[in-house]
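# quick check, what structure comes out for this input:
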Amino acid sequence: MQEVILVKDGELALKGLNRSTFEDILIKNLRWKLSELGKFRFEKAQSTIAVYPEDEEIDLDEAADIVGKVFGIVGYSRAAICEKEMQTILRTANEYLGVQLDSVNTFKVESKRSDKKFPYTSPEISRETGGYLLRRHPHLKVDVHHPDLVVNVEVRDKYVFIHGNQEKGAGGMPVGTNGKGMLLISGGIDSPVAGWMMAKRGIELAAVHFASPPYTSKRAEMKVHQLLRKVAVYSGRIRLYTVRFTEIQETIRDNCPEDLFTLVMRRMMMRIASMIAEKENCQALITGESVGQVASQTIFALACTDKAAKYPVFRPCIGMDKTEIIEISRKIDAFDISIEPYQDCCTVFTPKHPRTRPTPELLDETEAAVNWQELLETAANTADVRYISLREED
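Numbers count the residues shown, from 1 in each chain. Coordinates of the predicted model:
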């Protein structure tokens with residue numbers, strides 16, 4: 001029995017004349033993510049993309065798991081294919097879903113007939129299929145409101161697709177349909193969540209991490225690689241720039257008031273990230289900041305930080321509390337990595353009493369004591385670059 005994966009693209013149906021472009025990008029993303037399993041063929045029709053495996057050895061369980069983590073998909077299901085003949089439909093429904101039917105108490109049949117030449121209407125298909133299944137599974141009862149299992153029969157132009165309950169997809173928009181953003185990623189909980197949230201809205205990700213050896217260890221960098229790999233399961237491959245930030249932090253320590261250390265550091269990060277974002281053709285910066293979470297994330301401090309950025313700064317976690325952020329971190333399997341005890345550069349030279357109500361003018365005056373441009377350009381131009389993918393670095 002031939003099987004396919006049916007993908008429902010949900011929000012893309014609202015894109016009007018541009019819909020085909022969005023669907024093509026979604027198929028491109030699906031093809032790339034499924035390529036490790038083998039070759040697949042894709043057909044799109046009526047808000048559905050049918051994913052056909054072209055190799056009998058392909059593991060469809062694994063393929064379905066990958067499909068469930070592709071942004072732009074609202075729902076998906078494995079389905080059997082059969083010919084457009086009523087008795088064949090009945091037999092296929094029983095053979096394909098028989099084990100599931102034996103394990104539930106209630107069901108209903110939902111039918112869709114795209115091919116109006118098929119001699120049975122949708123209600124007739126449902127009635128015939130439901131009666132046939134009841135005769136072979138006498139313990140079942142029909143429940144049209146809250147069934148344990150929905151038997152779906154979709155009559156299309158070429159074939160009939162038969163499947164059970166639809167699985168929930170990752171939702172959002174296909175990555176690459178809404179531009180590109182530069183994610184400032186530390187080793188904490190918030191920034192991987194921020195990257196995941198913006199990828200869900202169709203933004204392709206690049207990333208920059210600031211390392212300060214010998215104050216930070218190589219394990220802290222590897223932790224960031226692991227976190228990005230969790231995000232890449234959903235977003236696709238991410239180019240990571242690791243910036244050596246030690247000299248800049250030591251210059252800040254030696255030339256700036258202690259209560260402004262963190263704010264000046266954040267502004268330097270924004271400037272370097274902007275330089276790299278320009279190389280990467282990004283249109284925005286992305287951070288995991290949340291209002292009031294720490295002293296450098298008051299509304300006054302964030303306004304000062306934004307003044308140093310060349311691009312808009314997206315902060316998808318801005319109104320979330322820590323519990324909400326942790327919930328998403330667990331969902332994407334990043335939380336246990338985020339709490340590993342390896343120090344990142346944001347905790348180096350942390351002031352005892354950071355200023356919470358700074359002004360841009362005060363920071364401009366503080367920074368004027370040093371010619372930062374050469375330091376910033378050197379840091380941006382000498383960053384280590386590598387790709388982070390679904391598995392190990394490509």
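# how would you label residue 216: helix, strand or coil?
The three-state label given to residue 216 by DSSP: H, G, I helix; E, B strand; the rest coil is coil.
# and it, how many neighbours?
Number of residues near residue 216 (other C-beta atoms under 10 Å) recorded here: 23. Placement of C-beta: from N, CA and C, glycine included.
# how about residue 301?
Applying other C-beta under 10 Å, we find 24 residues neighbouring residue 301.
# so it makes contact with residue 362?
No: distance between residue 301 and residue 362: 11.3 Å, which falls outside the contact criterion (C-beta atoms under 8 Å).
# can you tell me the element residue 70 falls in?
Taking DSSP states H and E as the definition, residue 70 sits outside all helices and strands.
# likewise the one 5 residues further on?
Assigned by DSSP H and E, residue 75 belongs to strand 73-82.
# each with direction, which strands does that strand pair with?
Using DSSP bridges, strand 73-82 pairs in its sheet with strand 3-8 (antiparallel), strand 160-163 (antiparallel), strand 167-171 (antiparallel).
# deepest-packed of those, please.
Stretch with highest mean neighbour count among the strands paired with strand 73-82: strand 160-163 (a mean of 23; mean count of other C-beta atoms under 10 Å).
# need the helices for the stretch 51-200 of the chain, in chain order.
60-67, 86-102, 122-136, 190-200 (DSSP state H, counting those that start in this stretch).
# please work out which of the ones you listed is packed deepest.
Comparing the helices of the stretch 51-200 of the chain by mean count of other C-beta under 10 Å gives helix 190-200 as most buried, with a mean of 26.
# which neighbouring elements make contact with that helix?
The contact analysis (3 or more C-beta pairs under 8 Å, 6 or more residues apart in numbering; DSSP states H and E) places helix 190-200 against strand 180-184, strand 204-211, helix 218-235, strand 284-286, helix 322-331.
# where's the strand holding residue 75 relative to the chain centroid, distance-wise?
From the chain centre to the centre of strand 73-82 is a distance of 21 Å (C-alpha atoms, centre = their mean, to the nearest Å).
# CA-only coordinates of that strand, as CSV, when you get a sec.
Taking Å, rounded to 0.1, in the frame of the first residue of the first chain, the C-alpha atoms of strand 73-82 are listed here in CSV:
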residue,chain,number,x,y,z
ILE,A,73,2.7,23.9,8.2
VAL,A,74,-0.5,24.0,10.3
GLY,A,75,-1.2,20.2,10.2
TYR,A,76,0.0,17.0,8.6
SER,A,77,-0.9,13.3,8.4
ARG,A,78,0.3,10.1,6.8
ALA,A,79,-2.2,8.9,4.3
ALA,A,80,-2.8,5.9,2.1
ILE,A,81,-3.4,6.3,-1.7
CYS,A,82,-6.0,4.3,-3.6
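# contacts for it?
1-11, 26, 60, 64, 67-68, 88-89, 92, 95-96, 152, 154, 159-171 (C-beta atoms under 8 Å, 6 or more residues apart in numbering).
# mind redoing it with 6 Å?
Where contact means C-beta atoms under 6 Å, 6 or more residues apart in numbering, the residues beyond strand 73-82 that reach it are 1-8, 10, 60, 64, 67, 88, 92, 96, 159-163, 166-167, 169, 171.
# ok, stretch 312-322 next?
Applying C-beta under 6 Å, 6+ apart, the set of residues contacting stretch 312-322 from outside is 190, 194, 197-198, 284-291, 306, 325.
# out of these, which is most surrounded?
In terms of neighbours by other C-beta under 10 Å, the contacts of stretch 312-322 top out with residue 286 at 30 neighbours.
# I figured that one hits residue 198, correct?
Yes: look at residue 286 against residue 198 with C-beta atoms under 6 Å: they come within range, at 5.2 Å.
# any idea how far the spatially most central residue of the chain lies from residue 288?
Using C-alpha atoms, centre = their mean, the residue of the chain that lies closest to the mean C-alpha position is residue 234, 3.7 Å off. Distance, residue 234 to residue 288, using C-beta to C-beta, to the nearest Å: 16 Å.
# repeat for residue 83
Here the criterion is C-beta to C-beta. By it, residue 83 lies 52 Å from residue 288.
# cool, residue 120 as well?
Distance, residue 120 to residue 288, using C-beta to C-beta: 54 Å.
# quick revisit: which residue is the nearest non-sequential neighbour of the residue nearest to the centre of the chain?
residue 69 (5.2 Å; C-beta to C-beta, 6 or more residues apart in numbering).
# what's next to stretch 200-211, contact-wise?
Residues external to stretch 200-211 that are found in contact with it (C-beta under 6 Å, 6+ apart): 71, 172-185, 195, 199, 221, 224, 235, 238-243, 245, 269, 273, 276, 280, 345.
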